[in-house]
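[1] Dropping a prediction and its sequence here:
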Amino acid sequence: MKHKIKPILYIAGILLLFATCTRQPHASALLQQTDSLLHHHQPDSALQLLFNIKDETSLPEAERMKLVWNKAMAHYQLEMSLLEDSLLYQAIAYYRQQPTDTARLLDTYLLEGMYLRWKEANDEAITVFDKGIALAISRKDTTNMLVLQRKKLEVLYKQSRFLECKAMIEDMLRIAHKLPVKEHYQMVYSLALVSQLGGDTSNIDCPEKGFQLALEAGDTLFAHHILRNHGCMLVGAHRYREAIAQFQRLIRLNPDFLPYAVQLSLAEIYINLGKNDSAFYYLDKAAQSMDKEQKQKKDQIMLSFKSLYYQMQSALNERMGLPYSGQVFRRYCDSITEDLKDKHNTALRQQETRAQLQQRNYELIINRQQMELRIAVIVSLLLGVILALIVLYQQNLKKKERTIHRLSSELQKYSKQLKDNEVLMAQNNESIQELQMQLSTQKASEQEAQLSLIKQLEEQNRQLNLANQNLQHQIEAHWKQLKSAPLKTPHLQELTTEMLRLKEREEALTGQLISTHPLVAELRSKPRFLQPEDFVRIATLVNEIYPHFTERLTDTFPNLTELDQQLCILIKLGFSVSQIAVFMAVSPSSVSQQKSRMKKRILQQKTDSFTEGETLDLWLHRF
C-alpha cells in the first residue's frame with residue numbers, strides 16, 4: 001500500500017508544479033508594472049506596456065477596469081485627449097464602489113472632470129471638481145484637494161472668469177498654514193495676477209509677499225519671476241516710478257534674469273513717460289540682449305518679445321517723424337515659421353524613433369518573461385520525469401535485475417558465438433584463397449575436387465553469414481531491452497558504455513555527413529527561400545543517409561501532402577522552425593501550425609503513433 005501511495009503523491013506534486021508554472025500572469029504583471037510607472041510619472045512607458053495587452057475581453061473585470069483606468073491616467077499625464085477613452089465612465093463607476101482606495105476614488109473626480117473639459121463641457125467639469133474637492137476636504141486629503149483645485153482654476157482661467165479665480169484663491173489662502181510652502185507663495189502671486197486681469201488692483205502689492213516667501217523657501221528663480229511680473233503689473237496700473245524701482249531692484253539682484261524682457265518693460269515705461277531717448281536706449285539694449293540670447297540658444301524663439309520690440313520701435317519712429325518699415329519683422333516671422341516646421345518634423349521623427357525603441361525594449365522584456373516561463377515549464381517536466389523514473393525503478397527493481405542477468409548471459413553467449421563464426425569465416429576465406437591459388441598448378445582431376453571443396457567452404461560461409469545476421473538481430477533486440485533497464489554490475493556497465501559509444505559514433509557520423517553537404521551547410525549559414533530543385537537535392541540526401549525514407553513515409557502515410565513531405569525532410573535534417581519559415585517564405589507560427597496539422601494526419605492514418613508522448617521532431621528522428 002505504501003508503494004502505491006508514493007506514486008500518487010509524486011504525480012500530484014508534478015501536476016501542482018506544472019499548473020503553477022504554466023499560469024499566465026502576463027496581463028496582471030504588465031498592469032502592476034504600469035501602476036509603478038504611472039506613480040513615477042512615466043506615462044509614455046506605461047502606454048507602451050498597456051498596448052501589449054491585446055485580448056481585453058478575456059480579462060477579469062478588475063484587470064479590465066485597471067487597464068481602462070491606467071490608459072486614461074497615462075493620457076492625462078501626457079496631457080493627451082481623453083475623448084478616446086470611451087470606457088472611462090465604467091472604470092470610474094467601478095472604483096467609486098471601492099471607497100477604501102481613497103487616492104483612486106478622488107482621482108475618479110479628476111479624470112471625469114478632465115474628460116468633460118476635453119468635451120468643452122466646462123460648467124459640468126467645474127461641478128465634478130467641486131464634488132471631488134468637497135470629498136477631499138471631508139477626508140482631510142490636502143494633496144488631492146490642491147490637485148483638484150488647480151484643475152478647477154485652470155478651467156475658470158480659460159473662461160476668463162478671473163473674479164471667481166480670485167475668490168477661490170482667497171478661500172485657499174485662508175488655510176495657508178495647511179498649504180505646502182511652494183503652493184503658498186504661488187497662490188499669493190496668482191491672487192495678484194487674476195485680480196489685475198479682472199480689473200481689481202487691490203491685491204497689486206501681493207507679489208511682494210510672494211517674493212519674500214519664495215526667497216525664504218530658497219526658490220530664487222521663481223522669486224525673481226514674481227519680481228519681474230510685479231513690475232509689469234505696476235506698469236499696467238500706470239505706477240511707472242514704482243515699476244522702475246522694481247526692475248532696477250531685479251537688475252541688482254540678478255542682472256542675467258531675462259534682461260531683454262526687463263529692458264523692453266523699461267522702454268515701454270519711458271515711452272509712456274515721453275522720454276524718447278531713454279526709450280531708444282533700452283530698446284537698443286533689448287535688441288542686443290535678444291541677439292546674444294539667440295546666439296547662445298539657437299532653439300530659443302522670442303516671437304512675443306520681438307513683436308513688442310518692433311511695436312515700440314514703430315511707435316517711437318512715428319513719434320519722431322521717422323519712416324515706418326515692417327520688412328525686417330516680417331522676415332523674422334518667416335524665419336521663425338520655417339524653424340518651427342523643421343523643429344516639428346524633427347520632433348515627430350524623434351518621437352517615432354523613441355516609440356520604436358521603447359516598443360522593442362518592452363518586446364524584449366516580454367520575450368524574456370516568456371522564456372523564463374518556458375524554462376520553468378521544462379524544468380518542472382524534467383523533474384516530473386525524474387521522479388516518475390525513480391518511482392518505477394523502486395517498484396520494479398528486483399524484476400528488472402533478474403531480466404538483466406538473463407539478457408546479459410544470453411547476450412554474452414550470442415556475442416561469443418558471433419565472434420566464433422567470424423573467426424571461422426576468416427579461416428574459410430584464407431583456405432579458399434589458398435585453394436584458388438593452387439588450381440593453376442594442379443591437374444584437371446584434382447581441380448574438380450578442389451572446386452567442390454571451395455564451393456563447400458563458400459556455402460558454409462554463406463550459412464555462417466546468415467547465422468551472424470540472425471545473431472545480430474537478437475543482440476540488438478536484447479540491447480533494446482537492456483537499454484531500458486537500470487544497470488548494476490560492472491560488467492553490464494562496461495557493456496552498456498561500449499554500446500552507447502557505438503551508437504553515439506553512428507549518430508555523429510550521420511550528423512557529419514549531413515552538415516558537410518554543400519547545400520545544407522549553405523542553408524544553415526545563410527537561410528533562403530528553397531526552389532523545387534533544392535528540395536530534390538535535399539530529398540536525395542535524406543534517402544542516401546536514411547535509406548528509402550521518403551518511400552517509407554509515403555507508403556505508411558499516403559494522406560500526407562507534398563508540403564507535409566517537404567516539412568518532414570527539413571525536420572529530419574535538423575533545421576529549426578525559424579529556418580524552415582525562411583525556406584518556405586512563411587512565418588514561424590505558420591510552420592508550427594503546419595506541424596500540428598501534419599501530426600493529426602499521421603494519427604488519423606496510424607493511431608498508435610506518438611504513444612510515448614514524443615514530439616513530431618523526435619518521432620521523425622526515430623522513423
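    Sure thing, it's come through.

[2] residue boundaries of the helices in the stretch 101-250 of the chain?
    Per DSSP state H, counting those that start in this stretch, the stretch 101-250 of the chain has helices spanning 102-118, 122-138, 142-158, 162-173, 181-197, 206-216, 220-236, 240-253. These are given in chain order.

[3] what's next to the third one, contact-wise?
    It stands for helix 142-158. For helix 142-158, contacts defined as CB atoms under 8 Å, 6 or more residues apart in numbering pick out 103, 106-107, 109-110, 113-114, 117, 122, 125-126, 129-130, 132-133, 136-137, 162, 164-165, 168-169, 172, 178-180, 183, 190, 194. Every C-beta, even on glycine, is put in place using the N, C-alpha and C of the backbone.

[4] quick one: low-confidence ranges for the stretch 451-600 of the chain?
    Along the stretch 451-600 of the chain, segments meeting pLDDT under 70 span 453, 457, 460-461, 464, 468, 471, 478-479, 482-509, 588.

[5] same question, the stretch 151-300 of the chain
    Short version for the stretch 151-300 of the chain, where the test is pLDDT under 70: 298-300.

[6] Any buried residues in stretch 57-73, and which?
    The neighbour-count check on stretch 57-73 (16 or more other CB atoms under 10 Å) flags 59, 63-73 as buried.

[7] now do stretch 263-281
    Quick answer for stretch 263-281 (16+ other CB under 10 Å): 263-271, 279-280.

[8] Convert the C-alpha atoms of it to PDB, please.
    The C-alpha trace of stretch 263-281 is given here as PDB (Å, rounded to 0.1, in the frame of the first residue of the first chain):
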ATOM      1  CA  GLN A 263      14.800  96.200 -20.900                       C
ATOM      2  CA  LEU A 264      11.600  96.100 -23.000                       C
ATOM      3  CA  SER A 265       9.500  96.900 -20.000                       C
ATOM      4  CA  LEU A 266      11.700  99.800 -19.100                       C
ATOM      5  CA  ALA A 267      11.500 101.100 -22.700                       C
ATOM      6  CA  GLU A 268       7.700 100.800 -22.500                       C
ATOM      7  CA  ILE A 269       7.700 102.900 -19.300                       C
ATOM      8  CA  TYR A 270       9.900 105.600 -20.800                       C
ATOM      9  CA  ILE A 271       7.700 105.700 -23.900                       C
ATOM     10  CA  ASN A 272       4.600 106.300 -21.700                       C
ATOM     11  CA  LEU A 273       6.600 109.000 -19.800                       C
ATOM     12  CA  GLY A 274       7.600 110.700 -23.000                       C
ATOM     13  CA  LYS A 275      11.300 110.100 -22.600                       C
ATOM     14  CA  ASN A 276      12.200 109.000 -26.100                       C
ATOM     15  CA  ASP A 277      16.000 109.000 -25.700                       C
ATOM     16  CA  SER A 278      15.700 106.600 -22.700                       C
ATOM     17  CA  ALA A 279      13.200 104.500 -24.600                       C
ATOM     18  CA  PHE A 280      15.600 104.200 -27.600                       C
ATOM     19  CA  TYR A 281      18.400 103.400 -25.200                       C
END
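
[9] which ones are touching the closest residue to residue 278 other than its chain neighbours?
    Nearest in space to residue 278, with sequence neighbours left out and distances taken as CB to CB, 6 or more residues apart in numbering, is residue 270 at 4.0 Å. Taking CB under 8 Å, 6+ apart, we find residue 270 in contact with 276, 278-279, 282.

[10] Could I get the residues you listed in JSON lines, plus columns for distance to residue 364 and secondary structure?
    Formatted as JSON lines, those follow (distance: CB to CB, whole Å; DSSP: H, G, I helix; E, B strand; the rest coil):
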{"residue": "276", "distance to residue 364": "67", "secondary structure": "helix"}
{"residue": "278", "distance to residue 364": "64", "secondary structure": "helix"}
{"residue": "279", "distance to residue 364": "62", "secondary structure": "helix"}
{"residue": "282", "distance to residue 364": "58", "secondary structure": "helix"}
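
[11] Can I get those in a markdown table including distance to residue 526?
    Converted to a markdown table, the contacts of residue 270 look like this (distance: CB to CB, whole Å):
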| residue | distance to residue 526 |
| --- | --- |
| 276 | 80 |
| 278 | 79 |
| 279 | 76 |
| 282 | 72 |
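
[12] quick one on the thing from earlier: so which of the buried residues of stretch 263-281 would you say is closest to residue 354?
    residue 264 (37.2 Å; CB to CB).

[13] quick one: buried residues of stretch 86-95?
    Those would be 88, 91-92, 94-95, for stretch 86-95 by 16+ other CB under 10 Å.

[14] for stretch 539-558, same thing?
    541-542, 545-546, 549-550, 553, 557.

[15] how far is that stretch from where the chain is centred?
    Per CA atoms, centre = their mean, to the nearest Å, the displacement of stretch 539-558 from the mean C-alpha position of its chain is 43 Å.

[16] Which parts of the stretch 251-400 of the chain are strands?
    Taking DSSP state E, counting those that start in this stretch, the stretch 251-400 of the chain contains no strands at all.

[17] so where do the helices sit in it?
    Counting by DSSP H, counting those that start in this stretch, the stretch 251-400 of the chain has helices at residues 259-272, 276-296, 303-320, 327-439.

[18] sorry, back to before: quick check: strands, which of the buried residues of stretch 86-95 are part of them?
    Among those, no member falls in strands (DSSP state E).

[19] Looking at those, spot the one nearest residue 517.
    residue 91 (60.7 Å).

[20] who touches that closest one in this structure?
    Shown in contact with residue 91 (CB under 8 Å, 6+ apart): 65-66, 68-69, 72.

[21] closest one to residue 38 among the helices of the stretch 101-250 of the chain?
    Relative to residue 38, the nearest member of the helices of the stretch 101-250 of the chain by CB to CB is helix 102-118, separated by 10.5 Å.

[22] Turn the buried residues of stretch 86-95 into CSV, columns for distance to residue 41.
    As requested, these are exported to CSV (distance: CB to CB, whole Å):
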residue, distance to residue 41
88, 20
91, 20
92, 22
94, 24
95, 20
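
[23] my read: residue 128 touches residue 111, true?
    No: taking contacts as CB atoms under 8 Å, residue 128 lies outside contact range of residue 111: 9.5 Å.

[24] just to revisit the earlier point, between the helices of the stretch 251-400 of the chain, which has the poorest mean confidence score?
    Per-segment mean pLDDT for the helices of the stretch 251-400 of the chain reaches its minimum on helix 327-439, at a mean of 72.
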